[in-house]
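Participant: Here's a sequence, model it:
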Amino acid sequence: MKTEERSDSSRPADEPAAGAGRAGHRPDLVAAGVGALLVAVACGVGWVWQSADGRLQAQWPPLLASWHPHAGPGTPAALTVAAVVVVYGPALADRLPWRRLLLTAWATALAWIFSLALIEGWYRGVARRLTTKHEYLRVIDRFDDIPAALRGFTDHIVVGPPGNWPAHVAGHPPGATLTFVWLDRIGLGGGAWAGVFCIVLGASGVAAVLIAVRALAGERLARRAAPFLALAPFAVWTGTSADGYFAAVAAWSIALLAVAATRRSLLAACASGLLFGWTCYLSYGLPLIALPLATVLLITRTTRPVLPFLTAALTVPLAFTLTGFAWWEAYPLLVERYYQGAGGVRPYAYWVWGNLAAATLAVGLATAAGLRRTLTGTPSAALRALHPRRPAPTGEAALTLLVLSALLALLAADLSGMSKAETERIWQPFYFWLLPATALLPVRGRRGWLGAQAGVALLVNHLVWTGW
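Facilitator: From the prediction side, this is the model:
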């Protein structure tokens, strides 16, 4: 079957994107400055609030971190990766054959994440992270009988009954914990294997986003976004946290649906559905990924993948429910557990905007500038393109819709009150889809913006202990 072509890769690689010079560089710098100001205000207000009564439950708000300037074994590698991407990344992204670009972007992201993690050293930066008292590996031995553990899972969510789960186990559906149980079963037990698994899978999300952007908005924009995705500041929290793994699973679900919608692939639609079903059992907040998934269908104006997608997606909740775990019964208990802990202490009045400051650090100032172009340049044109009598949106209009859907999902998570702090880590599944906004930045300034992205990650990782 012939592949439906949505790429505009026939344009020269060095040709500016439509609107690339929109209003010049100054508004982009202003947007980045506003992002930096938001972070500064959140730090200042947060420090005063935390010093007064400790209610923020974060030593260095808006991040869950503590002030501790340091360097480590990964410092030279991180500086080298950043320099190479800044100097050579844009040109390589323009010229490499597509499949080689995907592999290169994945490998670069992998090197970036590992080098940042190793600033803390192998033990503290990778091997120990998923073995602390709040983490999944603490309960592996309680899953010797998996069906029995699932049947009794909800009995241990709230604090009070004997044997309540550690915070991260209680705070997620059992799919998250089962991942590490299965790794242990196949001989990859322990914190080191768990950390490597999360880093390798987390880095693969870069390739997934590139595939989706190419399918929906064209190869030119995907290539422009590639260096920014590979050098994402939130890599600081991808290595090592399970949320990097969650983000990659969600990203591949969206990418495969984009492939299914543009290439009429039944296999891709089924795989996308399975991954979305699994995503919902990795984190209670990730059903919000349905917003970017629905946007894929809006952009491509097709319902062909819907039936196989839903059929495959429903097999996951069916399997869990038949085994004894009911998602809808567990979620209210999670809310109770959340307010028994830090969620009941942390003030919404700070975190509802402090979260956005943490998000700014996670996605970087270049993304803030790209979002400025997304929000001021093409939203109305993108929405008009959804009219059934108009051609399907492509290029910047399609990219705008995809980015806006992720931004909407992030804002919904923020307003819910169930994400107060730690969003630099928790919101990685949404951050992946904000970074493509950098493709709208002018070609001539890409190296400077990449340097700014790398600088944010390096400063954060060297100035504070992040805790993840």
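
Participant: Touching, residue 229 and residue 436? I think so.
Facilitator: Yes. With contact defined as Cβ atoms under 8 Å, residue 229 reaches residue 436; the gap is 7.5 Å. Every C-beta, even on glycine, is put in place using the N, C-alpha and C of the backbone.

Participant: Which one's more surrounded, these two?
Facilitator: For residue 229 and residue 436, the more surrounded residue by other Cβ atoms under 10 Å is residue 436, and the numbers stand at 29 against 25.

Participant: distance between stretch 268-282 and the chain's centre?
Facilitator: How far stretch 268-282 lies from its chain's middle: 16 Å, per Cα atoms, centre = their mean, to the nearest Å.

Participant: Give me the contacts around it.
Facilitator: 172-176, 179, 242, 245-246, 249-250, 252-257, 259-260, 286-287, 289-290, 293, 304-305, 308-317, 320, 327, 429 (Cβ atoms under 8 Å, 6 or more residues apart in numbering).

Participant: For PyMOL, what selects the buried ones among the residues you listed?
Facilitator: Only the buried entries of the contacts of stretch 268-282 go into this PyMOL selection, using 16 or more other Cβ atoms under 10 Å:
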select buried, resi 172+173+174+175+176+179+242+245+246+249+250+252+253+254+255+256+257+259+260+286+289+290+293+305+308+309+312+313+316+317+320+327+429
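
Participant: Which of the contacts of stretch 268-282 fall within helices?
Facilitator: Counting by DSSP state H, the contacts of stretch 268-282 place 174-176, 179, 242, 245-246, 249-250, 252-257, 259-260, 290, 293, 308-317, 320, 327, 429 in helices.

Participant: quick revisit: any shared contact partners between residue 229 and residue 436?
Facilitator: Common neighbours of residue 229 and residue 436 (Cβ under 8 Å, 6+ apart) are residue 209.

Participant: distance of residue 226 from residue 108?
Facilitator: Residue 226 sits at a distance of 9 Å from residue 108 (criterion: Cβ to Cβ, to the nearest Å).

Participant: mind listing the strands for this protein?
Facilitator: Along the chain, the stretches classed as strands by DSSP state E are 66-67, 464-465.

Participant: pLDDT weak spots in this structure?
Facilitator: 1-24, 377-389 (pLDDT under 70).

Participant: can we see that at 80?
Facilitator: 1-24, 161, 377-393, 467-468 (pLDDT under 80).

Participant: Can you say which of the strands of the chain is packed in most?
Facilitator: Counting by mean count of other Cβ atoms under 10 Å, strand 464-465 has the highest mean neighbour count of these, with a mean of 18.

Participant: wait, what's in contact with the nearest residue to residue 234 once chain neighbours are set aside?
Facilitator: Nearest residue to residue 234 in three dimensions, chain neighbours excluded: residue 362, at 4.0 Å (Cβ to Cβ, 6 or more residues apart in numbering). By Cβ under 8 Å, 6+ apart, the contact set of residue 362 is 233, 234, 236, 237, 423, 424, 427, 428, 431.
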